[in-house]
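In: quick check, what structure comes out for this input:
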Amino acid sequence: MSKRQVFVSLTLILNFFFLQSQQKYTLSGTISEASSNETLIGVTIAFPNLRTGVTTNEYGFYSITLPEGNYEVIVSYLGYQDIRETINLDTNIKRDFSLSEEAEQLEEVVVTDDAERLDIRKPQMSVNTLAVQTIKQIPVVLGEADVIKSLLLLPGVTNAGEASSGFNVRGGAADQNLILLDEAIVFNSSHLFGFFSVFNPDAIKDVKLFKGGIPARYGGRVSSVLEIFQKEGNSKELKVNGGIGAVASRVLVEGPISKDRTAFLAGGRASYAHLFLPLFDIDNSAYFYDLNTKINHKINARNSIFLSGYFGRDLFSINDSFVNIYGNAVGNFRWNHLFSNKLFSNLSLIYSDYFYGLELDFVGFEWDSGIQNFNLKYDLKHYLNDKLQLNYGLNNIYYVFNPGKIKPNREDSGIVEDQLTKKYANEAAAYVDVEHQVTRNLSLNYGLRVSQFNRLGQDEFFVYENDDPVFFDPFLLTYREGTPIDTINPGRGGTLEKFINLEPRISLSYNFKGKSSIKASYTRLAQYLHLLSNTNSPTPLDVWTPSGPFVEPQLLDQYAMGYFRNINDGEYSLEAEVFYKDIQNRIDYIDGADLIANDAIEQVILNGEARAYGLEILLRKNEGRLKGWLAYTLSRSEQRTPGRTPSFDDGRSNMETGINFGEWYSTPFDKTHDIAIFGSYDLNDRWNFNANFIFQTGQPTNYPIGQFEFQGLTIPFYGPRNEERLPDYHRLDLSATLTPKRNNRKKVQSEWIFSIYNVYNRMNAASINFRENEDTGRNEALRTSIFGIIPAVTYNFKF
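Out: Numbering: from 1, shown residues only. You can find the predicted model right below:
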């Protein structure tokens with residue numbers, strides 16, 4: 001080591017001990033938007049001389065502890081004007097900042113929202129954030145901006161096809177995604193069976209998708225967490241915005257109740273295409289509506305309260321003889337409290353309800369089912385210093401499952417009222433999560449979540465011989481429903497089964513000169529709820545059921561590693577990740593399983609395992625007139641349900657075959673290749689053009705491989721599960737946004753959006769069925785497609 005190197009090392013060591021010996025003080029506060037007082041998430045508060053900083057949390061709060069001294073502070077959030085100040089930190093200081101929007105000029109560099117920027121230094125990986133403005137630019141079917149459809153352009157995110165509800169993340173099922181709206185669980189994220197999502201983009205403030213490296217404060221699902229926060233409401237002045245589209249319209253009103261202290265937000269959205277059906281003598285109907293509400297009140301500098309809610313309903317009917325009504329209702333009371341300038345807390349009381357109703361007038365009965373939960377959560381964030389932050393908290397959720405209630409809707413129906421046995425459960429958890437900057441280049445996130453799930457007693461519970469509700473026939477090599485030998489009445493006061501799981505999480509980042517980094521993560525998650533569905537995407541008729549004596553909780557172990565780089569000072573960014581997921585106790589169904597109105601679902605379920613692995617690449621262009629990204633995913637998603645432990649019958653050993661003879665097979669959401677390209681071009685201050693292209697490998701399916709005659713009937717038979725695939729899926733969408741020249745004398749601002757979905761009219765296969773041609777007598781394949789080319793026009797306004 002040279003003398004110069006020794007001198008530099010000693011200087012750094014002496015500076016370190018000098019800083020440690022200095023008196024330290026805390027700078028803290030809240031950062032909001034100047035025009036509305038809306039708190040901002042992810043704002044950077046940087047101290048360039050120290051090469052350190054902090055970002056605001058989900059509620060706009062920040063805190064950082066530094067040695068006494070004078071510091072230059074830069075508060076930055078892209079799309080807003082920077083604030084630069086010099087602060088003399090000789091005591092604890094509470095400093096709130098208000099950021100003003102930056103007026104964009106054509107000749108200036110146009111940048112994307114800061115929320116979408118790649119953070120090289122933070123260990124958090126496998127996370128994608130979409131700005132609301134980006135979501136509104138992405139062309140979608142019928143021109144209605146859609147959060148869920150926008151997520152499908154990200155790497156590792158797919159769905160079961162057009163007009164399908166839910167989404168799949170890294171080869172996981174749709175029920176393995178935890179969807180949170182203002183911290184409340186949303187069980188069905190779709191309107192009109194998947195045509196639209198339940199999230200009104202005008203009411204949304206922040207959208208973040210965790211695919212891996214999930215922090216310890218989240219739990220209950222094994223694939224992803226989609227966290228969405230609603231706006232809080234403008235406490236400065238009354239604002240109105242909305243839009244009129246081809247099939248739906250929306251309006252949102254926000255404003256102060258008490259200026260700078262109390263604000264409200266109310267937004268409504270509804271479809272109206274059904275109003276035109278009678279003009280064509282069509283007696284059917286299909287529509288949706290939803291309502292977003294929020295009130296926030298700042299009690300004082302240390303306390304704020306929020307009351308938010310969402311209510312949505314869908315209705316689909318055929319000649320009034322078949323009526324289907326379903327939807328979500330959620331409510332959340334939240335209290336933010338600042339114990340000190342280093343300790344921030346949030347207490348939430350949350351209610352969530354998913355309802356499904358069915359009326360069959362031609363049969364003469366009504367059917368209701370659903371799931372309710374009551375959630376208490378308390379989260380604290382402790383800013384110990386600029387290198388170490390703690391997140392810890394408690395969470396308790398009480399569930400009520402209604403598998404279904406049937407009752408007659410007319411006296412002569414002959415239907416006897418019946419209630420399937422309701423199920424009850426309680427899920428509790430405690431967690432601690434540490435954000436630790438070990439050195440200038442090495443950062444860690446590590447934590448532990450401890451979860452406990454109690455399957456509570458119920459009015460009736462079936463007992464089976466050898467505790468085996470599924471019977472295997474060794475002669476036919478098939479599974480069939482077991483027969484209960486007794487029925488007990490444990491009552492709601494007892495516990496049928498208890499599960500406790502430790503869920504460790506760790507992620508790390510090592511950065512190289514602030515331009516690139518290598519990240520790695522390990523995540524363990526437990527999921528205690530299961531969606532009973534034998535379709536490729538969720539439907540309103542699907543029923544949620546809890547883990548219990550015969551249904552084990554799903555357990556995930558996920559490993560991920562990636563390389564991340566900012567190119568040309570952040571003009572471009574590159575993210576490349578590999579991942580491997582292993583899931584225990586993934587449920588599967590015996591052949592011919594009947595899931596509807598089944599009061600003993602354990603009779604058709606077997607516990608198996610699943611795995612998924614792949615490569616994700618995301619290349620972004622963040623600056624300039626042309627912005628966008630290229631996303632590519634190469635992956636496999638497989639499932640296996642081997643035979644259970646050999647049983648003995650009359651002294652003979654009978655090895656079970658399992659599902660698909662115990663071999664691995666592709667899950668319905670396995671997409672080998674997934675390519676998504678999105679581009680947005682600002683021509684001038686009036687015209688903006690957007691395009692996206694999607695290509696996906698066709699989803700797995702089953703085709704008949706032969707047929708036989710039985711009693712005059714032609715019976716097809718099939719090979720191994722999901723051995724075949726639908727044709728590859730691809731389409732191109734375009735849109736153009738026209739913003740009329742602003743007239744300063746008019747308060748109303750407006751824009752027109754012209755869009756074309758599926759420009760080259762690709763008839764993508766939703767399914768392929770087989771039938772016998774009546775003329776030739778030969779079998780033929782029949783392709784079913786949902787959408788061809790669809791143009792749309794939307795008018796948006798605000799004042």
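In: backbone torsions only: list them for residue 57.
Out: Backbone torsions of residue 57, given as degrees, to the nearest 10, read phi -90, psi -170.
In: that one contacts residue 344, doesn't it?
Out: Yes: Residue 57 is within contact range of residue 344, at 7.0 Å (criterion: CB atoms under 8 Å). All C-beta spots, glycine's among them, are computed from the backbone N, C-alpha and C.
In: which of the two has more neighbours?
Out: Counted by other CB atoms under 10 Å, residue 57 and residue 344 do not tie: residue 344 has more neighbours, with 24 against 21.
In: so, low pLDDT: which residues of the stretch 551-700 of the chain?
Out: The model of the stretch 551-700 of the chain has pLDDT under 70 over residues 645-654.
In: and what of the stretch 51-200 of the chain?
Out: Across the stretch 51-200 of the chain, residues meeting the criterion (pLDDT under 70) sit at 103-118, 163.
In: ok, which stretches of it are strands?
Out: 52-55, 61-67, 69-76, 83-89, 93-94, 97-99, 127-130, 157-158, 168-169, 177-181, 184-185, 190-191, 196-197 (DSSP state E, counting those that start in this stretch).
In: out of those, which gets nearest to residue 726?
Out: Residue 726 lies closest to strand 157-158 among the strands of the stretch 51-200 of the chain, at 13.1 Å (CB to CB).
In: okay, and residue 229 sits in which element?
Out: Taking DSSP states H and E as the definition, residue 229 sits inside strand 224-230.
In: run through who's touching the helix or strand following that strand.
Out: Scanning forward in sequence from strand 224-230 by DSSP H and E, the next helix or strand is strand 239-244. For strand 239-244, the surrounding residues in contact (CB atoms under 8 Å, 6 or more residues apart in numbering) are 36, 202, 249-255, 794-799.
In: these two touch, right, residue 762 and residue 730?
Out: Yes: the criterion here is CB under 8 Å, and residue 762 meets it with residue 730 at 6.2 Å.
In: among the strands of the stretch 51-200 of the chain, show me which one is buried the most.
Out: Of all those, strand 168-169 has the most neighbours on average by mean count of other CB atoms under 10 Å, namely a mean of 28.
In: same for that one, what does it pack against?
Out: strand 157-158 (3 or more CB pairs under 8 Å, 6 or more residues apart in numbering; DSSP states H and E).
In: walk me through which strands the strand it packs on pairs with, and which way each runs.
Out: Using DSSP bridges, strand 157-158 pairs in its sheet with strand 168-169 (antiparallel).
In: need the nearest residue in space to the residue nearest the centre of the chain, chain neighbours excluded.
Out: Of all residues in the chain, the one closest to the mean position by CA atoms, centre = their mean is residue 226, 2.7 Å from it. Spatial nearest neighbour of residue 226, chain neighbours left out: residue 179 (4.8 Å); criterion: CB to CB, 6 or more residues apart in numbering.
In: re the thing from before, ok now the strand holding residue 229, how far from the chain's centre?
Out: Here the centre of strand 224-230 is set off from its chain's centre by 6 Å, with CA atoms, centre = their mean, to the nearest Å.
In: list of residues touching it?
Out: Here strand 224-230 makes contact (CB under 8 Å, 6+ apart) with 41, 58, 147, 151, 169-170, 172, 176-182, 199, 203-211, 214, 218, 265, 292, 294, 308, 310.
In: pull it out as PDB, backbone CA atoms only.
Out: Once non-C-alpha atoms are left out, strand 224-230 reads as follows in PDB (Å, rounded to 0.1, in the frame of the first residue of the first chain):
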ATOM      1  CA  SER A 224     -47.200 -10.900  -5.700                       C
ATOM      2  CA  VAL A 225     -48.500  -7.800  -3.900                       C
ATOM      3  CA  LEU A 226     -50.300  -5.100  -5.900                       C
ATOM      4  CA  GLU A 227     -50.500  -2.000  -3.700                       C
ATOM      5  CA  ILE A 228     -52.700   0.900  -4.800                       C
ATOM      6  CA  PHE A 229     -53.300   4.100  -2.900                       C
ATOM      7  CA  GLN A 230     -56.100   6.500  -3.700                       C
END
